[in-house]
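Colleague: can't give you the sequence, but here's the structure:
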């Protein structure tokens, strides 16, 4: 596929306490962010992880799994900044890419088949592609390359959701049978599955 996966793993994890939630173990003993990365890589081998400078162990774990890394500096600490950094790196590494699938490091239960389906919709000409489960929007979200300028302009806590409002006719939903598209890990209690 000619679509790049981008794993956002640079969050603050404020609701998780002092620990880096992305390094925590799931019930199956896999590390949270590693599980998310492996699912993304299984679907899209051309994948990039965006991580914070101080997350050295996370950087080495994701690099060993096969992810290209983008290390965010102090000025790129919010969602919009880290997403823009990932898009910038993706364009530099894969200039002919047809689009991007944005996955979150704290969503380890998304099946690779769903990621592939999002990418397939992008390759078929879709603009902004969103999976749904029982009518609820989930992740990952796909963006055609024509939205790169909008994604590069994101700043601060401004995420890509604003593109849904700016380009409503470009948003394409598809129903899937994977509840994992809705399940994120926000608290230690969420780790128990």
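Modeller: Right, received. Where do you want to start? Source: prediction; values computed, not measured.
Colleague: can you give me the helices for this protein?
Modeller: 32-43, 56-65, 79-93, 112-123, 148-152, 161-166 (DSSP state H).
Colleague: Verify the stated contact: residue 55 with residue 19.
Modeller: No - with contact defined as Cβ atoms under 8 Å, residue 55 does not reach residue 19; the gap is 11.7 Å. Quick note: C-beta positions are derived from backbone N, CA and C, even for glycine.
Colleague: Is the residue lying closest to residue 177 once chain neighbours are set aside bridged to anything, and to what?
Modeller: Distance criterion Cβ to Cβ, 6 or more residues apart in numbering; nearest residue to residue 177, sequence neighbours excluded, is residue 133 at 7.4 Å. Counting by DSSP bridges, residue 133 forms beta bridges with residue 136.
Colleague: residue ranges with poor pLDDT in the chain?
Modeller: Within the chain, the segments meeting pLDDT under 70 span 12-18, 74-77, 193.
Colleague: Quick check: buried residues in stretch 56-69?
Modeller: Under the neighbour-count criterion of 16 or more other Cβ atoms under 10 Å, stretch 56-69 has 58, 59, 61, 62, 65, 67, 68, 69 buried.
Colleague: for those, which one is nearest residue 35?
Modeller: Of all the buried residues of stretch 56-69, residue 65 has the smallest distance to residue 35: 10.0 Å, by Cβ to Cβ.
Colleague: Quick check: the closest one vs residue 118, distance?
Modeller: Distance check for residue 65 against residue 118: by Cβ to Cβ, to the nearest Å, it reads 20 Å.
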